[in-house]
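Q: Provided below are the primary sequence and the corresponding predicted coordinates.
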Amino acid sequence: MNMNKKKLFSYLGVGIGILALVGGLFFTDAKTAVSDSLYLDQEYTVQKQAINTFDLDTINLKSYFMRDIFDDSIATLSSDIRMKIVRAMDIKVGDFKPMIFLEGDSTVYIVVKHKDNTMTLNEFDISKEIPVKIDQIVKKIKQ
C-alpha cells in the first residue's frame, strides 16, 4: 500500500504541474513579454551618445537605425539612397551597429561606436552613384 500511495502522489504532482503549465500558458498573453519597439534600448543609447558627442543638429538631420536601412517592411527611404548608405558603411568586428543621420538626399553621416569608448563620424556625399567620403572625426564618447 505504501508503494501505491507514492505512485498516487507522483501522478498527482505531475498532473498538477501540467495543469499549472497549461493554465499559465492559457491565461497569459505571450505578446506582453516581447517589446513592441522595433529597436533595442542600446540603439537609442548609442544614438543619443552620437548626437551628444558630435553635437549633431537634430532639426536638420533625420536619424535612422540599421533596421531602417535593411528591413524592407519598415524602410521609408528609397532603395537608391539605402544602397548608397550601405556602400558608405565601414564596420569592424566589435563595433556597435552604425547610426545613420541623413541631411537631405545628398549627405549622410555614419556614426560608429567602438569598443574603446570612442566614436567615429564619417561624412559622405551621396549625391553621385558612388559615395564620396568628405570627412572623418574620431572622438571620445560623451554621455
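A: That came through fine.
Q: just the helices in this protein please.
A: 2-27, 41-53, 66-70, 79-88 (DSSP state H).
Q: hey, least reliable of those helices by pLDDT?
A: Across those, helix 2-27 has the smallest mean pLDDT, namely a mean of 62.
Q: and this protein, split by domain according to the record?
A: 2-32, 41-140 (automatic domain parsing).
Q: got a list of what the closest residue to residue 87 other than its chain neighbours touches?
A: Leaving out its chain neighbours, the residue that sits closest to residue 87 by C-beta to C-beta, 6 or more residues apart in numbering is residue 131, at 5.4 Å. (Each C-beta comes from the backbone N, C-alpha and C, glycine too.) Taking C-beta atoms under 8 Å, 6 or more residues apart in numbering, we find residue 131 in contact with 84, 85, 87, 88, 108, 124, 125.
Q: ok, the fourth one touching residue 124?
A: Yes - taking contacts as C-beta atoms under 8 Å, residue 88 lies within contact range of residue 124: 4.4 Å.
Q: which neighbours do those two share?
A: Contacts common to residue 88 and residue 124, judged by C-beta under 8 Å, 6+ apart, are 108, 110, 131, 133.
Q: out of those residues, which are buried?
A: 108, 110, 131 (16 or more other C-beta atoms under 10 Å).
Q: and of those residues, the nearest to residue 98?
A: residue 110 (5.0 Å; C-beta to C-beta).
Q: any idea how far the closest residue to residue 138 other than its chain neighbours lies from residue 65?
A: Closest residue to residue 138 apart from its sequence neighbours, by C-beta to C-beta, 6+ apart: residue 120 at 4.9 Å. From residue 120 across to residue 65, the span is 17 Å (C-beta to C-beta, to the nearest Å).
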